[in-house]
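> here's a sequence, model it:
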Amino acid sequence: MPVNEGSKSKTKKWFKKKEWLGGAKLTPHKSIDKKEFARQYHLNKLFWDRAFAFLKEHNLDSLPKGKYIIDGDNVTASVTEDPSKDIDKTNWESHRKFADIQCIISGEEKMGIYPVSKATITKTYDEKRDAANYSAKGKFYVGGPGVFFIFFPSDAHRPNITPGGNKVVKKIVIKVRVVERLQYLVFPEGILYSKQKNRVRARRVNEIFAAIEPLAKDLEENKKGNLKKDCLKPHSVPITSQSSNFLGSDLNEILEF
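Numbers count the residues shown, from 1 in each chain. Model prediction:
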């Protein structure tokens, strides 16, 4: 289901088939924003597929506590095994750079969810923590073993709450870097960031945007008197056999943006 075909009925049908789970024997919670998940999944399928593949390929019951790198800084996991908390020891929070997949491995945990747009900010966004805090009413749900929630930047969420007894809960939280629509439009295959080298690299640029630079250079030369009469003709834009395979789809993405 392409991103631009996200009608409500198609989204529900796609979500219900669970092909995106990649065979992981887990249960998505009913609170998941299906429309936003479909959008994010199709904008950066690679990251999400790797996250769910990690859940499928590991025995979560025996997976040791700690942090795991799945795809550089783009997809990481954290396994914890701690007592759940009284509600006054927890906070509403949201993130800008990452979505959270919060999966209960053993035990039970209550989690709250509420739209960021309706919540009241109590602590402004901290880029280092990738978090802001809120006060909110919200809806609360209890998740058991094998159930996972997904929280997006638009979701204020309040995890780690005890449903009673402060019993130990083992859970895994996978952070998946989110992709914005405009970013995807320019860089259809996403952007890679290397923390070690502090460098950003794109696999591919939308062919329409890639054509702008040579045209701009030609027009600039024309202004200087170095006339290039054919600068606006289609054949003046270099197109390789590989890029031509993407040209039609790239143009369609812009027209439907």
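> quick check: residue 34 touching residue 13?
No - here residue 34 lies out of contact with residue 13, judged by Cβ atoms under 8 Å, at a distance of 10.2 Å. No exception for glycine: its C-beta is placed from N, CA and C like everyone else's.
> settle it for me: which of these two has more neighbours?
Regarding residue 34 and residue 13, a neighbour count based on other Cβ atoms under 10 Å identifies residue 34 as having more, with 17 against 11.
> list the contacts of the more buried one.
Applying Cβ atoms under 8 Å, 6 or more residues apart in numbering to residue 34 gives the contacts 11, 12, 15.
> please list the members of the residues you listed that lie in helices.
Applying DSSP state H to the contacts of residue 34, the entries found in helices are 11, 12, 15.
> could you measure the first one against residue 41, distance?
Counting by Cβ to Cβ, to the nearest Å, the gap between residue 11 and residue 41 amounts to 10 Å.
> only the buried subset of the contacts of residue 34, as a PyMOL command please.
Here is the PyMOL command that selects the buried residues among the contacts of residue 34 (16 or more other Cβ atoms under 10 Å):
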select buried, resi 11+15
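> need the contacts of residue 34 in TSV with pLDDT, can you?
TSV is the format used below for the contacts of residue 34 (pLDDT from 0 to 100):
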residue	pLDDT
11	93
12	92
15	96
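> can you pull out the strands in the stretch 51-200 of the chain?
Along the stretch 51-200 of the chain, the stretches classed as strands by DSSP state E, counting those that start in this stretch are 66-71, 75-83, 92-94, 98-106, 109-115, 120-126, 131-135, 139-143, 147-151, 155-161, 168-177, 191-194, 199-202.
> what's the mean pLDDT across the longest one?
Going back to what we said before, that points to strand 168-177. For strand 168-177, the mean per-residue pLDDT is 98.
> just checking: what are the partner strands of that strand?
strand 75-83 (antiparallel), strand 98-106 (antiparallel) (DSSP bridges).
> JSON lines for these, including mean neighbour count and mean pLDDT?
Shown next, in JSON lines, are these (neighbours: other Cβ atoms under 10 Å; pLDDT from 0 to 100):
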{"stretch": "strand 75-83", "mean neighbour count": "17", "mean pLDDT": "98"}
{"stretch": "strand 98-106", "mean neighbour count": "22", "mean pLDDT": "98"}
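> tabulate those strands in JSON lines, adding columns for distance to residue 20.
Formatted as JSON lines, these follow (distance: least, Cβ to Cβ, whole Å):
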{"stretch": "strand 75-83", "distance to residue 20": "15"}
{"stretch": "strand 98-106", "distance to residue 20": "12"}
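> out of those, which gets nearest to residue 58?
Counting by Cβ to Cβ, residue 58 lies closest to strand 75-83 out of the strands paired with strand 168-177; the figure is 9.0 Å.
> so the closest one versus strand 155-161, what angle?
Counting by axes from the mean of the first three to the mean of the last three Cα atoms, to 10 degrees, strand 75-83 lies at 40 degrees to strand 155-161.
> what comes into contact with strand 75-83?
In contact with strand 75-83 (Cβ under 8 Å, 6+ apart) are residues 47, 50-51, 54, 63-70, 105, 162, 166-177.
> filter those down to the buried ones.
47, 50-51, 54, 63, 70, 105, 162, 169-177.
> give me the distance between residue 90 and residue 158.
Taken as Cβ to Cβ, the span from residue 90 to residue 158 is 5 Å.
> so for the two, which residue has more residues nearby?
When residue 90 and residue 158 are compared on other Cβ under 10 Å, the one with more neighbours turns out to be residue 158, at 21 against 17.
> cool, thanks, signing off.
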